[in-house]
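Peer 1: sequence plus predicted model, see below.
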Amino acid sequence: MCGIVGYIGNKQALPILLQGLRRLEYRGYDSAGVALVEGNQLRRERSVGRIEELAAKLKGTESASTLGIAHTRWATHGGVTEENAHPHFDCKEVIAVAHNGIIENYKEIRSTLVPKHTLRSQTDSEILTHLIEEHYHGNLRKAVAAALAHVRGTYGLAVVHRDQPDLIIVARMGSPLVIGMGDAEYYIASDPSPMLAHTKRVTFLDDGEIAEVTRSGVHTVTLMDEDVNKCISEIEWDDATAQKQGYEHFMLKEIFDQPAVLKDAIRGRIDLEEGTAHLGGINLTDDQMRSIDRIVLIACGTASYAAMIGKYAFERLVDIPVEVDVASEFRYRDPVINERTLVFAISQSGETLDTLAAIREARRKGAIVRGIVNVVGSTIARETEGGTYIHAGPELAVASTKAFTNMVAVLLLYAVQFGRLKRVTPTTGRRILTEMLEIPKKISIALEQNDAIRQIAQQYSNYSNYLFLGRGMNYPVAMEGALKLKEISYIHSEAYPGGEMKHGPIALLSSTFPVVAIHTKNALYDKMESNIEEVRARGAKVIAIATQGDDRVHEIADEVIWVPATEAILEPLVNTIPLQLFAYHMAIQLGRDVDRPRNLAKSVTVE
Ligand code: F6R
């Protein structure tokens, strides 16, 4: 939700800021703006729409400035207008602020400011500039700290002052802020992706910290003005992985990344001799793991469907109760957890506010909390006492694809690791893990259906509704397929367990309401076949995801998309692939903006 970038150094700031905004566009794309300190002037340009609109407005602008901040917005308070775009100015137009987050008490503060200040936007963020203005007496850091003492809510903040040509102030409470270390130059951003082309050495600001960033260094203090010694982390992603690499869209590239990144998720974690997995980041001894009597998986959206697959795997292999909780519900329903409960927070970005709030609640109740996260150094990764990175690399399309499969892979590895301490024999562990090593190849085979799926999408893109059906572990796969379709094509789609359809949704079916059925060869094959017969009896078209070599499926399906056979417990890793491609090609057929679907942002850092 909203992206901030900043630069201070000896290069021209404007191209670096624009490039940084392009990298962060997935965080919000309603409007954008940039502010540059130039001589003794503060220069600003803002624009409604995508970053390219701002870039077009700035075309031909020559700016020698080597210090600036910029922002791409996902609107919360105040409509999508130029006045509401960041950076915001104070009354005298000498202070500029880019803010990510929500100031909850902005109405109260606004009413105290209005008699003395000229407020020009409807945003919660603008009050920060006027508060800083009130407290500024020559020391910008102190003014920011004094202003922040008045606010309640969340912020990642970058502030510049016209009279301070060697200073950016950044602050954080609840919204991420990263500082990239160069040689006498520093990069600021909401996540590391904009700085990958320049540096991999970064420091992550923690909540309640303020940093003064100058060309000669970074000085971090707490809101109480105590010095903080920050560690520098090395980011392992390289810049090329954050590019489209010849694909038309990030989403397609990320779908095709899956064979390679799945290898990264499992590499070095499989022990075939023992028939187990080793995910050392769990930071628990075998005895501590044995003493856990409940597992709770907390996540949102796509990550929550990965969690549901994890639940099936854990219950099958570990024999302890597992719950999946959507993070936004978990924290408001007084969940029963204690020190024998293991909570996994599952998140691509590691910044989802609902998930973060939920793990804070779980920790407060004494649970053991671990993360399954993609973005290294993200807040969830840092706020958990261990866990596992999924190694999916930068995921820049708003719709999650490769992070989903890697989350599932890591959960499956955990299920085997825990299972081996309980009821899984070395032979069973070995069988599952040997097949796991084949999955990258099998995903590549599933990707060969790309052209066939494009053709199906050409025939099927004019239906307004879809039902996705799956059973067992393929039910969450159906849910993920339906979410992908609705979020990037805007076609209404919902998912049901095959056996549940007759309890209501079957009423919707007709020749204008197609069904996508995951109908692979597993223990529930015959049950699913009956469900598909029920669909056909209502005249609905059926698109089946089926196992290669299944001759029967043509009798009941209008279209068939083939996937290779695998162990039942690993099927979700393969069966999801055609659903991602189906959503992609449907969206393309309908002319949608695949990577930047309307109303969405990738990293949801508001409640
Ligand atoms: C859907 C999608 C979202 C995210 C959800 C959680 O394609 O991307 O549903 O899965 O917002 O995000 P993370 O995993 O970053 O916590």
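Peer 2: Arrived safely.
Peer 1: rest of the way, CA atoms for contacts and neighbours
Peer 2: Fine.
Peer 1: the helix or strand bottoming out on mean pLDDT in the chain pairs with which strands, parallel or anti?
Peer 2: Across the helices and strands of the chain, the lowest-confidence element by mean pLDDT, DSSP states H and E is strand 233-234, at a mean of 88. With DSSP bridges as the test, strand 233-234 is paired with strand 201-204 (antiparallel).
Peer 1: alpha carbons only: can I get the partner strand in PDB?
Peer 2: Extracted C-alpha coordinates of strand 201-204, given in PDB (Å, rounded to 0.1, in the frame of the first residue of the first chain):
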ATOM      1  CA  ARG A 201      23.500  -3.600   1.500                       C
ATOM      2  CA  VAL A 202      20.500  -2.500   3.400                       C
ATOM      3  CA  THR A 203      19.300  -1.700   6.900                       C
ATOM      4  CA  PHE A 204      15.600  -2.100   7.900                       C
END
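Peer 1: beyond it, next helix or strand please.
Peer 2: Per DSSP states H and E, the first helix or strand lying C-terminal to strand 201-204 is strand 209-214.
Peer 1: could you give me the average pLDDT of that following strand?
Peer 2: The pLDDT scores in strand 209-214 average 98.
Peer 1: kindly report the same for stretch 546-557.
Peer 2: The pLDDT scores in stretch 546-557 average 96.
Peer 1: re earlier: report the next helix or strand after the least confident helix or strand of the chain in sequence order.
Peer 2: The element immediately downstream of strand 233-234 (helix or strand, assigned by DSSP H and E) is helix 250-256.
Peer 1: just the C-alpha atoms of that next one, please, in PDB.
Peer 2: The C-alpha trace of helix 250-256 is given here as PDB (Å, rounded to 0.1, in the frame of the first residue of the first chain):
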ATOM      1  CA  PHE A 250       5.500  -9.900 -14.700                       C
ATOM      2  CA  MET A 251       2.700 -12.300 -13.900                       C
ATOM      3  CA  LEU A 252       3.500 -14.600 -16.900                       C
ATOM      4  CA  LYS A 253       7.200 -14.400 -16.100                       C
ATOM      5  CA  GLU A 254       6.500 -15.300 -12.500                       C
ATOM      6  CA  ILE A 255       4.300 -18.200 -13.500                       C
ATOM      7  CA  PHE A 256       7.200 -19.500 -15.700                       C
END
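Peer 1: helices or strands up against that helix?
Peer 2: Counting contacts by 3 or more C-alpha pairs under 8 Å, 6 or more residues apart in numbering; DSSP states H and E, helix 250-256 is packed against helix 571-589.
Peer 1: quick one: list the elements packing against the helix it packs on.
Peer 2: Short answer (3+ C-alpha pairs under 8 Å, 6+ apart): helix 571-589 packs on helix 250-256, helix 402-421, helix 439-447, helix 450-460, helix 474-489, strand 559-563.
Peer 1: what's the closest of those to the ligand?
Peer 2: Comparing the helices and strands packed on helix 571-589 by their distance to the ligand (C-alpha to the nearest ligand atom), the top pick is helix 474-489, with 6.0 Å.
Peer 1: could the helices and strands packed on helix 571-589 be laid out in JSON lines, adding distance to the ligand and mean neighbour count?
Peer 2: Listed next are the helices and strands packed on helix 571-589 as JSON lines, based on distance: least, C-alpha to the nearest ligand atom, whole Å; neighbours: other C-alpha atoms under 10 Å:
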{"stretch": "helix 250-256", "distance to the ligand": "10", "mean neighbour count": "22"}
{"stretch": "helix 402-421", "distance to the ligand": "8", "mean neighbour count": "26"}
{"stretch": "helix 439-447", "distance to the ligand": "19", "mean neighbour count": "20"}
{"stretch": "helix 450-460", "distance to the ligand": "19", "mean neighbour count": "17"}
{"stretch": "helix 474-489", "distance to the ligand": "6", "mean neighbour count": "26"}
{"stretch": "strand 559-563", "distance to the ligand": "22", "mean neighbour count": "22"}
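Peer 1: nearest to Asp163, of the ones you listed?
Peer 2: Closest to Asp163 of these is helix 250-256 (C-alpha to C-alpha; 40.7 Å).
Peer 1: so what's Ala357 closest to, chain neighbours aside?
Peer 2: In this structure, Ala357 finds its nearest non-sequential neighbour in Arg331, 7.1 Å apart by C-alpha to C-alpha, 6 or more residues apart in numbering.
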